[in-house]
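In: Would you be able to build a 3D model of this:
(chains A and B)
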Amino acid sequence: MFNLNQIRLDFPILNSTRNNQPLVYFDNAATTQKPKIVIDTISDFYSNYNSNIQRGMYFLADRATTEFEKSRRVVRKFLNAQLKEEIIFTSGTTQSINMVAFGFLNTVSSAGDEVLIGEMEHHANIVPWQVICDKLKLKIVTIKCCENGKIDIWDLKNKMNSKVKLLAVQQTSNITGHENNIKEICNLAQKQNIKVFVDGAQSVSHKPINLQDLNCDFFSFSGHKCFGPTGVGVLYGKKELLLKMEPFMFGGNMIDLVSFSKSTWGKLPYKFEAGTVNIAGVIGLGAALKYILSLGLNNIQKQEDLLKEKMWEELGAAKNVVMGLTKKPDSPIFSFNIKSTHSYDVGSLLDEMNICVRTGHLCAQPAIKSLGVSGFVRASLCFYNTEEEVSVFISALKRIMKIVNNGN
Amino acid sequence: MLIMGIEKNISKIVSEFSFFESWEEKYEYLIELGKSTPPLNKELKNDLNIVRGCQAQVWLICEIKNGKLFLQGDSDAIITRGLVGLLICIFNNCTIEEVARSNNFFLEKIGLSKHLSITRSNGINEMIKKIRLYCSNYE
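Out: Numbering: from 1, shown residues only, chains lettered A, B, ... in the order given. Next up is the predicted model:
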């Protein structure tokens, strides 16, 4: 049973107000709010069993290690990965991408080879590839996107050849909310022996992920975008590729034997978890994913479909609103502009009404440019938002148009 | 009194703002100010005049005539352009010594930093810094 009122009580911040105005949080693509169970789990760790993992011989360390490894099993189940050692904890999607860029790409490529990137990617899925390609003398080739930000399969097919070693692509666009057909893309790539890295930052909180079905080579997401804490994320990689991949950071938990003449690395997944990792974050992430599973991603999708429908209809019908997408999005992410009004002005005025949205280039300058605008107002919703909030949002936009004298 | 001009300009704005009861009125005032601020010619909206650190694009031009500051500016966002207008009201025609020694307290006096979110991420501090630096380099 999906009881929205009850679920909203799970998120303390959703019941806050500013200047007597309830919070309307429509910036879920930037980060999501945290349910009490996640906050309590982190607090429980620090209050009752804070210790370093995998080393101490005492009770606390044993409990911390157990809870930490439980989270790995939760992530494996959540993504339906085959093996738990294919799940590596990172600080977030950005670190995950950097690890593959700096630890894997050199093992499959040589000077003159190519890396394919979708033109709608956000900065974290562009810049690490740019830097490493420059170092390894590889060429970055961008794949065109269709009008709603989906990879143009025809262009992708055209650009795949024996020189291409890796394709980096997002599952869901942080601008248009449209989803790429990852399974089809992986299928095509595999035929040409091209490895596929999937950025799942915008998809994990909205839909079930089945990695064994998608069959991508690498997948990553950030904890904070799916109701978990900041500073923790996941890199999934197929075991045979992770065995080949080199560590990107050295020291701490990742070592096996160390001497001044030579050191060796631990087994998977530990060889990629250098230093003392974000233990509380990992345990908190486990709690967040369990929370999502307890609500049920099918129920989440149903609620988000309602919100999507209402936003799509009412935002699309609002006078002077110019949508950044032509088809209803797969995830409830809506980028738009108000005619002759800068996104910054809209964001500032929404803020006065305690409505949080993202404005500007949305961390994807090339994508924004390809859509022919200088920026967007982005309202990104999730299951804990209500239809009433959508109504409040639409009236707020009308109020803004009046304030900037744009109403007629 | 050395800071007479700026103080006088600020108190004029403070008293205008004190009539507004709601945040909408404050914004409407700023937007009106933005609309009445003469736009910059296209060729002046260049990298030399741009002020970094704002989500919207802002251009400011400082000139000194007879020891006094003359400001021009523009922005592609109307609220930011209103803030440019506000700075013109405060600093225009003031002596360079006075501008170089001024501080940011007026933002609080006007009630901008307390009541309105616009002092976040709009780079008003960057604009003021640019103006003050220009004048102190000229001294």
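In: Which residues of chain A lie near chain B?
Out: Contact residues (CB under 8 Å from any CB of the partner chain) of chain A with chain B: A:341-345, A:347-349, A:351-352, A:359-360, A:374-375, A:399, A:403-405. No exception for glycine: its C-beta is placed from N, CA and C like everyone else's.
In: Name only those of the residues you listed that count as buried.
Out: Those of the residues of chain A next to chain B that meet the buried threshold are A:341-345, A:347-349, A:351-352, A:359-360, A:375, A:403-404, by 16 or more other CB atoms under 10 Å in any protein chain shown.
In: mind listing which of those residues are in strands?
Out: A:359-360 (DSSP state E).
In: quick one: contacts for residue 19?
Out: Chain wasn't specified; assuming chain A. Taking CB atoms under 8 Å, 6 or more residues apart in numbering or on different chains, we find A:Asn19 in contact with A:Asn354.
In: Chain B, not that one
Out: By CB under 8 Å, 6+ apart, the contact list for B:Phe19 reads B:Glu25.
In: Swap in 10 Å and give it another go.
Out: Residues near B:Phe19 by CB atoms under 10 Å, 6 or more residues apart in numbering or on different chains: B:25-26, B:29.
In: per-residue pLDDT, the nearest residue to A:Cys133 once chain neighbours are set aside?
Out: In space, and not counting its chain neighbours, A:Cys133 is closest to A:Ile140: 5.1 Å by CB to CB, 6 or more residues apart in numbering or on different chains. Looking at A:Ile140, its pLDDT reads 98.
In: export the helix or strand harbouring A:Ile140 as PDB, just CAs?
Out: Per DSSP states H and E, A:Ile140 falls inside strand A:139-143. What follows is strand A:139-143, C-alpha atoms only, in PDB (Å, rounded to 0.1, in the frame of the first residue of the first chain):
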ATOM      1  CA  LYS A 139      40.100  10.700 -30.000                       C
ATOM      2  CA  ILE A 140      36.700  11.700 -28.500                       C
ATOM      3  CA  VAL A 141      33.900  11.300 -30.900                       C
ATOM      4  CA  THR A 142      30.400  12.700 -30.000                       C
ATOM      5  CA  ILE A 143      27.200  10.900 -30.900                       C
END
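In: what comes up buried for that strand?
Out: A:141-143.
In: and if you look at stretch B:45-63?
Out: B:45, B:49, B:51, B:54-60, B:62.
In: Let me see the mean pLDDT of it.
Out: The model assigns stretch B:45-63 a mean pLDDT of 90.
In: Check whether it comes into contact with chain A.
Out: Yes: residues of stretch B:45-63 contacting chain A under CB under 10 Å from any CB of the partner chain: B:54-57.
In: residue ranges for the strands of chain B, please.
Out: With DSSP E as the criterion, chain B has strands spanning B:58-65, B:68-75.
In: Now render the ones you listed as JSON lines, adding distance to B:Val99.
Out: Converted to JSON lines, these look like this (distance: least, CB to CB, whole Å):
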{"stretch": "strand B:58-65", "distance to B:Val99": "9"}
{"stretch": "strand B:68-75", "distance to B:Val99": "5"}
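In: If you drop the residues flanking it in sequence, what lies closest to A:Ser91?
Out: A:Gly231 (5.5 Å).
In: shouldn't the one you found be in contact with A:Thr93?
Out: No: using CB atoms under 10 Å, A:Gly231 is not in contact with A:Thr93; the gap is 11.8 Å.
In: tell me the two of the buried residues of stretch B:45-63 that are most distant?
Out: Largest separation among those by CB to CB: B:Gln55 and B:Cys62, giving 22.3 Å.
In: Now that we're looking at the residue in the stretch 201-350 of chain A that chain B sits nearest to, what pLDDT does it have?
Out: At 3.5 Å from chain B, A:His342 is the closest residue in the stretch 201-350 of chain A, using CB to the nearest CB. Note on A:His342: pLDDT of 93.
In: next one: B:Ser136
Out: So B:Ser136 comes in at 88 (pLDDT).
In: what about B:Lys65, how many neighbours?
Out: Using other CB atoms under 10 Å in any protein chain shown, B:Lys65 has 8 other residues around it.
In: so what's it up against?
Out: If you count contacts by CB under 10 Å, 6+ apart, then B:Lys65 has B:Asn93 around it.
In: roughly how far apart are it and B:Ile128?
Out: 20 Å (CB to CB, to the nearest Å).
In: Just give the number of residues close to the nearest residue to A:Asn106 once chain neighbours are set aside.
Out: Leaving out its chain neighbours, the residue that sits closest to A:Asn106 by CB to CB, 6+ apart is A:Leu136, at 5.9 Å. Counted with other CB under 10 Å, residues neighbouring A:Leu136 total 18.
In: State the distance from A:Leu136 to A:Ser173.
Out: 28 Å.
In: same thing with B:Gly111?
Out: With the distance defined as CB to CB, B:Gly111 ends up 40 Å from A:Ser173.
In: Comparing those two, which shows the higher neighbour count?
Out: Taking neighbours as other CB under 10 Å, B:Gly111 and A:Ser173 compare with A:Ser173 leading, 31 against 15.
In: From the centroid of chain B, which residue is nearest?
Out: By CA atoms, centre = their mean, chain B has its centre lying nearest to B:Leu87, at 1.8 Å.
In: Report the contact partners of that residue.
Out: B:Leu87 is in contact with B:37, B:60, B:71, B:73, B:106, B:124, B:127-128, B:130-131, counting by CB under 10 Å, 6+ apart.
In: Taking the residues you listed, tell me the two that lie furthest apart.
Out: The largest distance within the contacts of B:Leu87, taken as CB to CB, falls between B:Thr37 and B:Phe106 and amounts to 18.0 Å.
In: where in the chain is pLDDT low?
Out: No chain in the question, so chain A it is. A:406-408 (pLDDT under 70).
In: that answer is for a different chain, and I need it for chain B
Out: Applying pLDDT under 70 to chain B flags the ranges B:1-4, B:113-122.
In: For whichever residue of it sits closest to chain A, give me its contacts.
Out: Of all residues in chain B, B:Ala77 sits closest to chain A, at 3.5 Å by CB to the nearest CB. Residues in contact with B:Ala77 (CB under 10 Å, 6+ apart) are A:341-348, A:359, A:375, B:34, B:54-58, B:83, B:118, B:122.
In: For the stretch 151-300 of chain A, just list every one of the strands.
Out: A:164-170, A:195-199, A:218-222, A:233-237, A:255-258, A:263-265 (DSSP state E, counting those that start in this stretch).
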